[in-house]
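Chemist: Fold the following and give me the result.
(chains A, B, C and D)
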Number of protein chains: 2
Amino acid sequence: MDLFVSKYINKIDKKGRVSLPSSFRNVLPKANRNEIILYKSIKTSSIEGCGVGRLKEIAKRINNLDFFSEDYDDFSTSIFSEIITTNIDKEGRFLIPEELKLYAGIKTEAAFFGQGHYFQIWEPKKGLKNTEDSRRRLLNEKKSLRMMLTQQK
Amino acid sequence: MDLFVSKYINKIDKKGRVSLPSSFRNVLPKANRNEIILYKSIKTSSIEGCGVGRLKEIAKRINNLDFFSEDYDDFSTSIFSEIITTNIDKEGRFLIPEELKLYAGIKTEAAFFGQGHYFQIWEPKKGLKNTEDSRRRLLNEKKSLRMMLTQQK
DNA sequence: CATATACCCATTGACGCCCATATAATCCCA
DNA sequence: TGGGATTATATGGGCGTCAATGGGTATATG
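Modeler: Predicted coordinates:
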C-alpha cells in the first residue's frame, strides 16, 4: 500500500517524541524513509505531513513561475519557509516542533489520520470531531446531490 | 534535503557573527560549503543568499528578460554589482556586511527563511509580518495555495 | 600600529543513537 | 489447526554528539 490510510492515536513521551504509525512509515520511499515534512493545515487546526518527495514536486512547480513576479515570492515564502523537515529516528519516532503543536493544540497525544497522499495530525478530540463534522457534511451534500439528480423537470 | 526550507531565528554576537542554520549549511555543496553569496532583495527589505553555484541560475533568469529593456539593466546592476561573497567559519558562522544589515534593518537577531533554492535574511519582526502578508495575499486573492500543496502528480 | 577577521577552545542544551521492555501480530511446525 | 516461538511495534530512558553561542588570541591588511 502506497497511500496514507486509517487512523492511529500515539503518545508523546517526555522528550516530545511520537511514533509515526508503522503503516505510514512504509508509505515513504525506502530512500528517504528517515525524513518527513510538516506544515500547518490551511483549512483546519491540524498539522499536515508527507514525504519529502512531494516537496520537491512543489519546488519544481514554483520554479516554473515567473521569477520576478510577486506570486513567486508569495509561494516560496508561504511554502518553503513554513515547511519544517523533521527526522525520524531508528525506532520510527520524530519530534513535532513546538510551534506546530501549539497550532494544533496537541499536548500528550497525537492522532494520525491518513489522507491518501498525505496525512494529518490532530489533537485526538478535535480530530474525532472533525471526522464527524465532515461525515455530516458529506451526507448532506449527498442528499442534495441525489435530489438534484432525481428531480425531474 | 537539498532545498532551503523552514525558518530560524539566530543571534548576532558582539563580533557580528551569526550561525547559518545547520540545515542550510547542508544544502551547500560539500565542495563550497564555506562560502555563500549575499545580495539585497529586489522586492523586499531583506537580504537574499545562496551558494555560489546558484549565480549561474540567476544569470540565466536575468538573461531571459528582454535585453534592451530598462529592467535588464536595472536587474543586472542591482544584482550582480551588489553581490557579496562571505566566508563561513569552522563553527558555521559568517558576518553580515554592515551595508546589508542596514538595508534589512537587522541589529541583534537575524531570521532565516528558506525559499527553496535560496534563502532570505530578515529582521525578525519584519520577516514574520512579511510571511503573514504573503500568505494573506495567496489565500485571499489567488486561492491557489491549497492547490499548490495538495495537487497530485 | 590599529582594526577587522579567522582560528581555537569552552559551554549549554537539544537531538540522535543505542539499549531495553511490554504488548501485539505473525509464523511455523508437530 | 492449536499453541508455543519469533518478530514487529509502541514506548521508556541513558548517554554521546552536534548545533548555537560566547570569548581569547593569532594573523592579516591597510
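Chemist: Check residue A:151 and give its pLDDT.
Modeler: pLDDT, residue A:151: 66.
Chemist: Correction: the previous question concerned residue A:137.
Modeler: Reading off the model, residue A:137 has pLDDT 88.
Chemist: Excluding chain neighbours, what is closest to the spatially most central residue of chain A?
Modeler: Taking CA atoms, centre = their mean, the centroid of chain A lies closest to residue A:48, which sits 2.0 Å from it. Leaving aside its sequence neighbours, residue A:48 sits nearest to residue A:41 (CB to CB, 6 or more residues apart in numbering or on different chains; 4.9 Å). (Glycine included, C-beta is placed from N, CA and C.)
Chemist: just so I have it, where are all the strands in chain A?
Modeler: A:7-11, A:17-19, A:35-40, A:47-51, A:84-87, A:93-95, A:109-114, A:119-122 (DSSP state E).
Chemist: closest one to residue A:28 among those?
Modeler: strand A:47-51 (4.6 Å; CB to CB).
Chemist: So what touches the closest one?
Modeler: Residues outside strand A:47-51 that contact it (CB atoms under 8 Å, 6 or more residues apart in numbering or on different chains) are A:4, A:27-29, A:32, A:35-41, A:96, A:100, A:103-104, A:106, A:115, A:117-122, B:149.
Chemist: what number of residues lie near residue A:130?
Modeler: For residue A:130, the neighbour count with other CB atoms under 10 Å in any protein chain shown is 17.
Chemist: That one and DNA strand D, how far apart?
Modeler: Distance, residue A:130 to DNA strand D, by CB to the nearest atom of the strand, to the nearest Å: 21 Å.
Chemist: residue contacts, that residue?
Modeler: By CB under 8 Å, 6+ apart, residue A:130 lies in contact with A:44, A:46, A:122.
Chemist: residues in contact with residue A:34?
Modeler: Contacts of residue A:34 were listed using CB under 8 Å, 6+ apart, and they are A:87, A:88, A:89.
Chemist: in the sheet, who's paired with the first one?
Modeler: What it means is residue A:87. Taking DSSP bridges as the rule, residue A:87 bridges to residue A:35.
Chemist: how about the closest residue to DNA strand C within chain A, what does it touch?
Modeler: Closest approach between chain A and DNA strand C, counting by CB to the nearest atom of the strand: residue A:87, at 3.5 Å. With contacts defined as CB under 8 Å, 6+ apart, the neighbours of residue A:87 are A:34, A:35, A:94.
Chemist: re the thing from before, top of the contacts of residue A:130 by neighbour count?
Modeler: Top of the contacts of residue A:130 by neighbour count (other CB under 10 Å): residue A:122, with 26 neighbours.
Chemist: For it, give me its contacts.
Modeler: A:46, A:47, A:104, A:106, A:110, A:111, A:113, A:130.
Chemist: These into CSV, with extra columns for pLDDT?
Modeler: Formatted as CSV, the contacts of residue A:122 follow (pLDDT from 0 to 100):
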residue, pLDDT
A:46, 97
A:47, 97
A:104, 97
A:106, 96
A:110, 97
A:111, 97
A:113, 97
A:130, 96
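Chemist: Do I have it right that the residue nearest to residue A:48 meets residue A:120?
Modeler: Yes. At 6.5 Å, residue A:41 and residue A:120 qualify as touching, with contact defined as CB atoms under 8 Å.
Chemist: Quick check: residues of chain A near DNA strand C?
Modeler: A:15, A:16, A:34, A:86, A:87, A:89, A:90, A:91, A:95 (CB under 7 Å from any atom of the strand).
Chemist: which among these end up buried?
Modeler: By neighbour count, with 16 or more other CB atoms under 10 Å in any protein chain shown, those hold A:86, A:95 as buried.
Chemist: Which residue ranges of chain A form helices?
Modeler: Taking DSSP state H, the helices of chain A run over residues A:22-25, A:52-63, A:70-80, A:98-104, A:124-150.
Chemist: quick one, which of those helices is packed in tightest?
Modeler: With neighbours taken as mean count of other CB atoms under 10 Å in any protein chain shown, these reach their highest mean count in helix A:70-80, at a mean of 22.
Chemist: and it, how far out from the chain's middle?
Modeler: Computed by CA atoms, centre = their mean, to the nearest Å, the chain-centroid distance of helix A:70-80 equals 20 Å.
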